[in-house]
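Novice: Just a sequence and a predicted model for now, questions to come.
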Amino acid sequence: MNILALPAALACPTPWDDASLPLLTARGLALQRGGRELCCPFELDVRAGQCVAILGRNGAGKTTLLHALAGLHGEGSALALSGEVRFGQRPAAHWPARQAARFRGLLPQRQPLPFAANVLETVLVGRHPHLGRWERESDADTAIAHAALAAVGLAGFDERDLRTLSGGERQRVTLAALLAQTPRLFLLDEPLNHLDLHHRIAVLELLAALAASGRGVAMVLHDLELAARYADTIVLLDGDGGVTVGPTAGVLTPQRLSHAFGHPLRRFEIEGRAVFLPE
Amino acid sequence: MKNTRRLRAHPLAVLALLALAALVLALSVGSIVVSPADIIVALFGSEGGTGATVVRELRLARALACFACGGLLALAGTLMQVLLRNPLADPYILGVSGGAAVGALAAIVLGLASPWMEAGALAGALAAMLTVFGLAHGDGSWTQTRLLLTGVIVAAGCGAAITLMLALAPAAQVQSMLFWLMGDASGANNPWPALAVLAVGLAAALPFGRDLNVLARGQLSARALGVDTRRLRRGLYVLASLFTAVAVTLLGTVGFVGLVVPHLVRLVLGNDQRILMPAAVLAGGALLSIADTLARTVLAPRQLPVGVLTVLIGVPVFLFLLARQARAGER
């Protein structure tokens, strides 16, 4: 899978004429769970063309934050959320669920699979918000699903049972389902899970191509070097409620990272690329 | 795509034919054998031969009751497995059947006969359904685990009450209590309300087939794809419980159909709920009709409880399909 250009079939049908208007806006967003502060109030804009990485140690609240940005924080859970998330000009909570699903897509960290399913029907699930109650998936939807599978290097896997795939292949099927959803805003929770070296880079190149084509990307990552290489904005959670948001070079400093991850590390530069080594 | 759609519509036609054949068999076989031609005369004509009378007044109601009960249980099982996202869920797992059994058995202990027994079963089933819903819903979270645990606990409580009643009831009544618990079609004489519930319920559930496919992939994904999981899951719970309550009221707690028919159909047709739901109704109805035909003919004139025959037929069929799928998986 070598992504240079995105297939036309995966173009986003939601127009976005006003490039100055952020796709996603968080204003004074703060999260608390069970009395513990996950994020102090902070501001974040995700514009078309932008690629944001959310970093932080285990349990710092990265997934919770991503769900809150998607407008999908848990119903009735112990999570207290203040501030506002907007998609475009409207608060996320005011978007009708189906319309929101055509605007923003979420790649969850875990994909439970209680029943057997094949690859093509799994990817077609991503077409759900585009289909009316009485519609069935059309040939056009199947073409989109095939384009999405080709984009993640799984062309020809249509009939394979998901349970016979490797972890990395399953992760790419999930990504293909998200591509088939054709959202304008991509929110991804550890999209590189289970992927080998080649596919990590390929998936990040794909996401960069999506951003370049006018989509917005925000993702939870664990790899500092790849975040430094692909993200233009970093959201760094320190696990005690502190949030740092800013351009990549300004946030990914040894001091901030050492504090956030609770482990001293040093920054080196090799051929113009940042490398972080733990002490 | 067109091609696969045709291939998928085909099994539904096969199942419909199978269901029809099962019903014809149920109408024709017995102490008096009625030919299919005579069945048509009996159903649509007004002639009054012995065969026609037997078909019209004895066998038709019973065959349709079995079909409705099997269809309702299989559909309830399909919905329950998606609701709990657990392939081991069955319509009885959340205590509806336990409540029904307590109601029906209490009526038998009190010496009440039909229609009080049915009324007791329905009241018990609805009471259990509301109890589980109210308790699971308590803090508004309505989570999977909470729902499952509440249902299982209520079912366990009902189980204890059933055992107690069996232990204390006079010997003369224990026989009919046991038959009710195993599922017994000999008293079924009015299948029409159940058939109506089945038809309306299936029609109500079918438009949500794709939503169910999405829900089966997890609640978070479903919400991200624009499904109102809260309302969908409530609707699923109410529909599945209602189907179970009606089925159990009709024939008693027929086991196995609700758990295994959805699986059986899934093994053959895959997991698209839009196909799975009608297929489960047809297969469940056919299975129970065939089982009841055997139940009243194998040891005639003795009648066996249909629930026992259902299991005796279902187990080998299921094991065969499972083995076939395992071999196909190896290739």
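Specialist: That came through fine.
Novice: Quick one: residues contacting A:H130.
Specialist: A:P13, A:R102, A:D141, A:T182 (C-beta atoms under 8 Å, 6 or more residues apart in numbering or on different chains). For glycine as for every other residue, the C-beta is placed from the backbone atoms N, C-alpha and C.
Novice: all helices of the stretch 101-250 of chain A, in order?
Specialist: In the stretch 101-250 of chain A, the segments counted as helices under DSSP state H, counting those that start in this stretch are A:119-124, A:139-151, A:167-180, A:197-212, A:224-230, A:248-251.
Novice: Tell me which residues are up against the last one.
Specialist: Contacts of helix A:248-251 from elsewhere in the structure, counted by C-beta under 8 Å, 6+ apart, are A:A53, A:A227, A:A228, A:A231, A:D232, A:T233, A:I234, A:L236, A:T244, A:V245.
Novice: Now render the contacts of A:H130 as CSV, adding distance to A:G250 and neighbour count.
Specialist: Below are the contacts of A:H130 laid out as CSV (distance: C-beta to C-beta, whole Å; neighbours: other C-beta atoms under 10 Å in any protein chain shown):
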residue, distance to A:G250, neighbour count
A:P13, 36, 9
A:R102, 34, 21
A:D141, 43, 21
A:T182, 33, 21
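Novice: Just these: which are in strands?
Specialist: Using DSSP state E, no member of these sits in strands.
Novice: And those residues, which is closest to B:L64?
Specialist: A:D141 (39.7 Å; C-beta to C-beta).
Novice: near chain B, which residues of the stretch 101-250 of chain A?
Specialist: A:101-102, A:104-106, A:108, A:110-118, A:121-122, A:125-126, A:128-129, A:131, A:133-134, A:136-139, A:142, A:161, A:164, A:181 (C-beta under 8 Å from any C-beta of the partner chain).
Novice: Same list, the contacts of helix A:248-251, but as JSON lines with neighbour count, distance to B:L148 and pLDDT please.
Specialist: As requested, the contacts of helix A:248-251 are exported to JSON lines (neighbours: other C-beta atoms under 10 Å in any protein chain shown; distance: C-beta to C-beta, whole Å; pLDDT from 0 to 100):
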{"residue": "A:A53", "neighbour count": "28", "distance to B:L148": "38", "pLDDT": "97"}
{"residue": "A:A227", "neighbour count": "24", "distance to B:L148": "40", "pLDDT": "96"}
{"residue": "A:A228", "neighbour count": "19", "distance to B:L148": "45", "pLDDT": "95"}
{"residue": "A:A231", "neighbour count": "27", "distance to B:L148": "41", "pLDDT": "97"}
{"residue": "A:D232", "neighbour count": "16", "distance to B:L148": "45", "pLDDT": "96"}
{"residue": "A:T233", "neighbour count": "20", "distance to B:L148": "42", "pLDDT": "97"}
{"residue": "A:I234", "neighbour count": "24", "distance to B:L148": "41", "pLDDT": "97"}
{"residue": "A:L236", "neighbour count": "24", "distance to B:L148": "39", "pLDDT": "97"}
{"residue": "A:T244", "neighbour count": "19", "distance to B:L148": "42", "pLDDT": "96"}
{"residue": "A:V245", "neighbour count": "17", "distance to B:L148": "41", "pLDDT": "96"}
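Novice: Going by distance to B:V82, which of these wins?
Specialist: Within the contacts of helix A:248-251, the smallest distance to B:V82 is 35.6 Å, found for A:A53 (C-beta to C-beta).
Novice: Tell me how far the residue nearest to the closest one when sequence neighbours are not counted lies from chain B.
Specialist: Of all residues not flanking A:A53 in the chain, A:A231 sits nearest, at 3.6 Å (C-beta to C-beta, 6 or more residues apart in numbering or on different chains). In this view, A:A231 and chain B are 22 Å apart by C-beta to the nearest C-beta, to the nearest Å.
Novice: follow-up on the earlier one: would you list the buried entries among the residues of the stretch 101-250 of chain A next to chain B?
Specialist: A:101-102, A:104-106, A:108, A:111, A:114-118, A:121-122, A:125-126, A:128-129, A:137, A:142, A:181 (16 or more other C-beta atoms under 10 Å in any protein chain shown).
Novice: What sits closest to the closest residue to chain A within the stretch 101-250 of chain B if chain neighbours are left out?
Specialist: Among the residues of the stretch 101-250 of chain B, B:G226 lies nearest to chain A; the distance is 3.2 Å by C-beta to the nearest C-beta. Leaving out its chain neighbours, the residue that sits closest to B:G226 by C-beta to C-beta, 6+ apart is A:A101, at 3.2 Å.
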